[in-house]
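Attaching a predicted model along with its sequence, questions to come.
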Amino acid sequence: MPGWGTPGRWGVGLSSAAGISVSQPSDEDERRCRNFLHKFSALPCCTMAWLSTSQPAESSVGAKINAVYEVGELFELGIQLSYLLILLGLLGAGSFFVVRQVLVRRELDLSAKELQEQVRSGDASATEYFELGAVMLRRKFYPAAIKYLQQAIQKWDRDEQDLAQVSYSPVYNALGVSYKRDNKLDKAIQQFEKAVELQPGYVTAWNNLGDAYELKKDLKNALKAFEEVLLFDPNNKVARPRRDDLRQRVGMYKGVPVKTEKR
């Protein structure tokens, strides 16, 4: 019986009989196989190279994002600090104003107490009555201010021209302000008229007179008073805008007769 691996009697082996062709690989096949293995082995290297190059790019993007966040946080912190500084400034200004008001009030109270003691003793002069009236005016005790200012006028032993120059503000002007603050406009106007009669160049009294006339809705006389101010002080910041406004309101653009012209 022929062997399994040797040709039989018909010169055909078992493999041939089974229909399977067995042959040796050619050089071309070996070359293709080597190229395939080489490409497959190179794939992980390419992948690692791509990953290694993508990591710095991602790091750069992350750094930029972090920088943007840091800038945003610094900007927000700056805004918060600005608000805090503004708040502290407002609190400081408010505290200063309150403290100043308290100190002024305390000073006025002490002055009023001292002057009232002199008045009660009967030794007060006209000047001290005037000072006490001025203190009461600043404290907004208008009836008391009117009382002491009237007593100052009664006790003044000089002529009225000197009376208009008493202390830092004329007594008639102070009395007129007290009446005006107490809503007694007619009496206020009388006092302001007296003040400017004694001292024609007294622009403060003229301004007060114009304001009192305007409050009384007497626009023409108010305009005359402010025109008078500008004769003595052409750049007066109180009278000029008031004069211009009143000119429009009463329909006068060429000026009005003023009391100085009559004198």
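Arrived safely, thanks for sending.

Which of the three states applies to N183?
coil (DSSP: H, G, I helix; E, B strand; the rest coil).

per-residue confidence for it?
Reported pLDDT at N183 in the predicted model: 93.

same question, D211
You'll see D211 listed with a pLDDT of 96.

Let me know the helix or strand that it is in.
helix 203-215 (DSSP states H and E).

what packs against the helix or strand following that helix?
Going down the chain from helix 203-215, the next helix or strand is helix 219-232, by DSSP H and E. Packing partners of helix 219-232 (3 or more Cβ pairs under 8 Å, 6 or more residues apart in numbering; DSSP states H and E): helix 203-215, helix 239-250, helix 259-262. Backbone N, C-alpha and C define where each C-beta goes, glycine included.

Looking at those helices, which one is packed in the most?
When neighbours are counted by mean count of other Cβ atoms under 10 Å, the highest per-stretch mean among the helices and strands packed on helix 219-232 falls to helix 203-215, a mean of 23.

what does that one contact?
Here helix 203-215 makes contact (Cβ atoms under 8 Å, 6 or more residues apart in numbering) with 169-170, 172-173, 176-177, 180, 185, 188-189, 192-193, 195-196, 199, 219, 221-226, 228-229, 232-233, 236, 238-239, 242, 246.

buried set for stretch 120-132?
A124, A126, E128, Y129, F130, E131, L132 (16 or more other Cβ atoms under 10 Å).

now do stretch 134-153
Buried residues in stretch 134-153 (16+ other Cβ under 10 Å): 134-137, 139, 141-142, 144-149, 151-153.

just to revisit the earlier point, which members of the buried residues of stretch 120-132 are positioned in helices?
A126, E128, Y129, F130, E131, L132 (DSSP state H).

Verify the contact between the first one and K155 for me.
Yes - with the criterion set as Cβ atoms under 8 Å, A126 and K155 qualify as a contacting pair; they are 4.0 Å apart.

And D182, how far from P241?
For D182, the distance to P241 (Cβ to Cβ, to the nearest Å) stands at 27 Å.

rewinding a little: which pair of the buried residues of stretch 134-153 spans the longest distance?
In the buried residues of stretch 134-153, two members sit farther apart than any others by Cβ to Cβ. They are R139 and I153, at 20.2 Å.

any idea where the helices of the chain begin and end?
Under DSSP H, the chain gives helices at 14-18, 27-121, 126-138, 142-155, 160-163, 171-181, 185-198, 203-215, 219-232, 239-250, 259-262.

residue ranges with poor pLDDT in the stretch 51-200 of the chain?
Applying pLDDT under 70 to the stretch 51-200 of the chain flags residues 51-62, 64, 68, 96-106, 108, 112, 157-169.

one more time with 50, if that's ok
51, 54, 159, 167-168 (pLDDT under 50).

ok, now which ones touch the closest residue to L219 other than its chain neighbours?
Take L219 and drop its neighbours on the chain: the residue closest to it by Cβ to Cβ, 6 or more residues apart in numbering is V250, 4.9 Å away. Neighbouring residues of V250 by Cβ under 8 Å, 6+ apart: L219, K220, L223.

please redo it, this time with the cut-off set to 10 Å
Contacts for V250 (Cβ atoms under 10 Å, 6 or more residues apart in numbering) come out as L219, K220, A222, L223, V256.

from those residues, which single one is nearest A93?
A222 (35.5 Å).

Now for that closest one, how many residues are close by?
24 (other Cβ atoms under 10 Å).

Start the count at 46 instead of 1 going forward.
Right, with 46 as the first residue, what we last looked at is A267.

Now do the same contact list for it.
A267 touches 254-261, 287-288, 290-291, 294-295, counting by Cβ under 10 Å, 6+ apart.

What score does N280 have for pLDDT?
pLDDT, N280: 92.

Look up phi and psi at it.
With angles defined as degrees, to the nearest 10, N280 sits at phi -100, psi 20.

Provide a list of residues in contact with it.
Neighbours of N280 in contact, by Cβ under 10 Å, 6+ apart: none.
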